[in-house]
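> from the sequence below, what's the structure:
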Amino acid sequence: MVPRPGRDCLPNPPGRVQTKPQHRTILFHRRSCKRRVAGDRGEPILPYCQYAPIVSRPYQEISYIAWLEGRSDCLVVDPGLEPNLILEYLDDQRLAPVAILITHGHCDHIAGNGALKHRWPDCPIVVGANEAEKLTDAKLNLSAAFGFPITSPPADVLVREGDEYSAAGFDLLVREIPGHSTGHVVYVWKAGTPPVVFGGDVLFAGSVGRTDILVGGDFGTLAAGIREKLYSLPEETLVLPGHGPATTIGTEQRSNPFVSSSRQPGI
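Next comes the predicted model:
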């Protein structure tokens with residue numbers, strides 16, 4: 001039986017249950033962008049993109065630290081409930097964040113904002129304009145319902161569909177894909193080889209963000225956004241989701257049981 005999106009396969013709100021245990025934190029980095037070699041036409045040589053996925057309890061939410069080879073400034077994406085792990089990694093690698101990118105305002109993706117802002121007060125929190133109110137409202141970000149109210153410092157930068165945001169050498173395209181959360185955005189780095197999507201809780205390896213119990217959840221809207229704004233990217237595009245392993249656009253187009261590449265939902 002094919003599990004229902006957001007229910008049988010995603011029972012632990014607001015995150016996604018894992019099919020097998022994961023390490024608490026993955027203290028290594030991987031090259032997600034190959035060096036582009038200059039050729040006869042004078043193509044530019046791109047630095048490596050390196051990233052570290054930091055897994056935090058209790059929802060196994062994944063924060064990402066991303067930086068370009070040879071630079072000490074970096075991005076932090078969706079700092080979670082164990083910000084000490086992020087701080088330790090940044091200190092170990094001698095990295096300094098210059099932007100905190102938020103894909104959506106659910107508590108497991110914003111809980112570390114305060115710790116990072118305390119350490120780097122000039123580092124801006126960047127979030128979708130239709131999601132910003134969740135940062136400072138424990139009811140809207142779902143933490144109050146779970147008995148541990150969490151709020152974040154307010155947003156410094158509001159982004160909208162089609163905006164470009166640049167920091168730490170990354171030129172990122174903002175795409176708004178609601179359905180899991182009202183103003184959810186993803187950040188697309190098209191210059192990479194392969195391109196990279198910091199995807200939050202939109203598209204997972206073999207699944208999608210839950211839509212059943214969350215305010216503003218709508219599976220049809222989510223599926224349409226995935227097809228229009230993610231499946232239109234090159235197949236080799238690397239998707240770094242907010243829960244679970246990385247995947248590629250091509251893999252999900254071919255095998256995702258909830259959103260196929262066709263217009264019909266499901267397989």
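
> just the buried residues of stretch 87-106, please?
87, 89-90, 93, 95-106 (16 or more other CB atoms under 10 Å). Bear in mind the C-beta positions are built from the backbone N, C-alpha and C, glycine included.

> before we move on, what about stretch 252-261?
Glu252, Gln253, Asn256, Phe258, Val259, Ser260.

> can I get that stretch as CSV, trimmed to CA atoms?
Extracted C-alpha coordinates of stretch 252-261, given in CSV (Å, rounded to 0.1, in the frame of the first residue of the first chain):
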residue,chain,number,x,y,z
GLU,A,252,12.4,12.3,-7.5
GLN,A,253,10.9,12.8,-11.0
ARG,A,254,11.3,9.1,-11.7
SER,A,255,10.4,7.5,-8.4
ASN,A,256,8.7,9.9,-5.9
PRO,A,257,5.4,8.1,-4.9
PHE,A,258,3.6,11.4,-4.1
VAL,A,259,4.6,13.8,-6.8
SER,A,260,5.5,12.3,-10.2
SER,A,261,6.7,14.4,-13.1
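
> quickly list what the residue nearest the centre of the chain is bridged to.
For the chain, the residue nearest the mean C-alpha position is Gly200 (3.0 Å; CA atoms, centre = their mean). Beta bridges link Gly200 to Pro241 when assigned by DSSP bridges.

> distance of Thr221 relative to Phe148?
Distance, Thr221 to Phe148, by CB to CB, to the nearest Å: 29 Å.

> more neighbours: which of the two?
Thr221 (16 against 11; other CB atoms under 10 Å).

> so the more buried one sits in a strand?
No: applying DSSP: H, G, I helix; E, B strand; the rest coil, one finds Thr221 to be helix, outside a strand.

> pull the contacting residues for it.
By CB atoms under 8 Å, 6 or more residues apart in numbering, Thr221 lies in contact with Pro178, Gly179.

> let's see that with 10 Å instead.
Contact partners of Thr221, counting by CB atoms under 10 Å, 6 or more residues apart in numbering, are Ile177, Pro178, Gly179, His180, Thr182, Thr211.
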